[in-house]
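fold the following for me, if possible:
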Amino acid sequence: MTFLGTLRHWPCRRLWARVPRPNPVGSGGKAGAEATPCRGAHADSSLSAGVEVDLGRLEGADAGIVEVLMCRQRARNSLGKVFVSQMREVVAHLHGDGAVRVVVFRSLVPGVFCAGADLKERAKMTNSEAEHLVHGLRSLMTEIAVLPMPTVAAVDGFALGGGLELALACDLRTAASTAQMGLIEATRGLLPGAGGSQRLPRLVGFAVAKEMIFTGQRVTGERALQLGLVNRVAEQNEAGDAAYREALQLARQILPQVDIDTGMAIEGMCYAKVIPTRDRQEGMAAFIEKRPPRYTGQ
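Okay, here's the model as predicted:
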C-alpha cells in the first residue's frame, strides 16, 4: 500500500500597530545576518532587528483583524529554529487574545510566502535533533489549525514544502496568480512531515494529492484555484502584494460575521457542560494528589 493510500481522512490606507508581546524568543544576543529587518515592497520600518515573526493589529474599521508578519529576509522565511520559535510564541499569544477576530498570515519578504524547511540548518543536526524539529513543526501547524478564530494565508509568492503546510493549516488561502505552491519534499529525499500529507488530500482529493506529493510538482495560483487548494486568486500587482490585499478584503467580509459576545456565550455553555463531569473532578483530584489523571469519558 502506498503512503497516501493509507490516508482517509484596494488599495487602502490603514492604521497599523504592533501587538505588545515579550521580546522574540531566541532573539537575544547577536541577531545574525538572516535576522535583519525586511526591505522591499512589503517592508514595515517598525519591525526591529532580530524579529523574524511578529504581530500587527489593524485599527479603526478593521479592528479585530490581526496579521502574522513573516520577515526572515535572506532565508526567504524558511522554517529555522528562531523563526519557528517566534511563530510558536505568536500563535500562543493569538490563542489567548479574545480581541482577535480574524488572522491574516502574510510575508513581508517580496516574492515568497515561506520557502519551507531551512535545509542548511537541518543538515547540521543529528537524526534525533531533526526528528525533534519535525515533530515541533507538526505540532505548530496543529496549533495554527486549531486557532479559535478564522485564519487566512496570503500566498504572494513561493509556498513550498513546509511553507505550503503552513498555508494548509489556515482555514482559508488567497494567492497571487504567479504564486508557486507545492509539497516538494520528494525532490529532497523526504516526505511531508508537518501535516501536508493529511491536509492536502482533504482539499484537492487523494488522486491529485498523490500526484503532487509523489512528483513534487509546483502549481501556480491559477491552477491552485482550479484544484480547490486556494479560495481566491488575484493577478499580481506592481507592489507584489495582490494575495495580501485579497486576504484583507476577505478578512473584512468575515469580520462582521464573527461576534465575540456570541462566541463567549458558546464557550460558557460548553464549559457548563464540563462542570458536572466525573472527568473534571478526576482531573482536579489528580492534580492535588500529584498523579496522572485516569479519565473515563464520563
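
how about residues contacting stretch 278-292?
Contacts of stretch 278-292 with the rest of the structure, by C-beta atoms under 8 Å, 6 or more residues apart in numbering, involve 274, 293-298. Every C-beta, even on glycine, is put in place using the N, C-alpha and C of the backbone.

drop anything exposed from those residues.
With neighbours counted using 16 or more other C-beta atoms under 10 Å, those contain no buried positions.

farthest-separated two in those residues?
Farthest pair in these (C-beta to C-beta) is 274 and 294. Separation: 17.0 Å.

still on that earlier bit, ok, the contacts of stretch 278-292 vs residue 172, which is closest?
Using C-beta to C-beta, the contacts of stretch 278-292 come closest to residue 172 at residue 274, 30.0 Å.

what helix or strand is the closest residue in space to the closest one that isn't next to it in sequence located in?
Leaving aside its sequence neighbours, residue 274 sits nearest to residue 280 (C-beta to C-beta, 6 or more residues apart in numbering; 5.4 Å). Per DSSP states H and E: residue 280 is located in helix 278-289.

what about dumping the CA coordinates of that helix to CSV?
This file holds the C-alpha atoms of helix 278-289, laid out as CSV (Å, rounded to 0.1, in the frame of the first residue of the first chain):
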residue,chain,number,x,y,z
ARG,A,278,-16.5,12.9,36.6
ASP,A,279,-13.5,13.6,34.4
ARG,A,280,-13.4,17.2,35.7
GLN,A,281,-13.4,16.0,39.2
GLU,A,282,-10.8,13.4,38.4
GLY,A,283,-8.6,16.0,36.8
MET,A,284,-8.6,18.2,39.9
ALA,A,285,-8.1,15.3,42.2
ALA,A,286,-5.1,14.0,40.1
PHE,A,287,-3.6,17.5,40.3
ILE,A,288,-3.9,17.7,44.0
GLU,A,289,-2.6,14.2,44.5
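
I'd like the numbering to begin with 45 instead of 1 from here.
With the count now opening at 45, the last piece we talked about shows up as helix 322-333.

what residues of it count as buried?
So for helix 322-333, nothing qualifies as buried (16+ other C-beta under 10 Å).

off-centre distance for that helix?
With C-alpha atoms, centre = their mean, to the nearest Å as the basis, helix 322-333 stands 34 Å off its chain's centre.

still on that earlier bit, what separates the residue nearest to residue 318 from residue 190, distance-wise?
From residue 324 across to residue 190, the span is 21 Å (C-beta to C-beta, to the nearest Å).

can you check the pLDDT for the residue nearest to residue 245 when sequence neighbours are not counted?
With sequence-adjacent residues excluded and distances taken as C-beta to C-beta, 6+ apart, residue 245 is closest to residue 253, at 3.7 Å. As predicted, residue 253 sits at a pLDDT of 93.

what helix or strand does residue 193 sit in?
Per DSSP H and E, there is no helix or strand for residue 193.

and the pLDDT for it?
94.

angles on the backbone of residue 199, please.
Here is the backbone geometry of residue 199 (degrees, to the nearest 10): phi -90, psi 100.

that one bridge partners, please.
residue 219 (DSSP bridges).

neighbours of residue 93, just the number please.
Counted with other C-beta atoms under 10 Å, residues neighbouring residue 93 total 11.

same question but for residue 252, I mixed them up
There are 16 residues near residue 252, going by other C-beta under 10 Å.

pretty sure it contacts residue 271?
Yes - assessed by C-beta atoms under 8 Å, residue 252 is found in contact with residue 271 at 5.9 Å.

what about stretch 228-237, start to end distance?
End-to-end distance of stretch 228-237 (C-alpha to C-alpha, to the nearest Å): 11 Å.

what residues sit buried inside it?
228-230, 234, 236-237.

need those residues in TSV with secondary structure and distance to residue 292, can you?
Output for the buried residues of stretch 228-237, formatted as TSV (DSSP: H, G, I helix; E, B strand; the rest coil; distance: C-beta to C-beta, whole Å):
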residue	secondary structure	distance to residue 292
228	coil	28
229	helix	31
230	helix	34
234	coil	34
236	coil	29
237	coil	31
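
between those residues, which is closest to residue 298?
Nearest to residue 298 among the buried residues of stretch 228-237, with distances taken as C-beta to C-beta, is residue 236, at 28.2 Å.

for the closest one, give me its contacts.
With C-beta under 8 Å, 6+ apart, residue 236 has these contacts: 205, 209, 227, 229, 244, 257.

what does the helix or strand hosting residue 314 rub up against?
Per DSSP H and E, residue 314 falls inside helix 304-318. For helix 304-318, contacts defined as C-beta under 8 Å, 6+ apart pick out 108, 142-143, 145, 192, 324.
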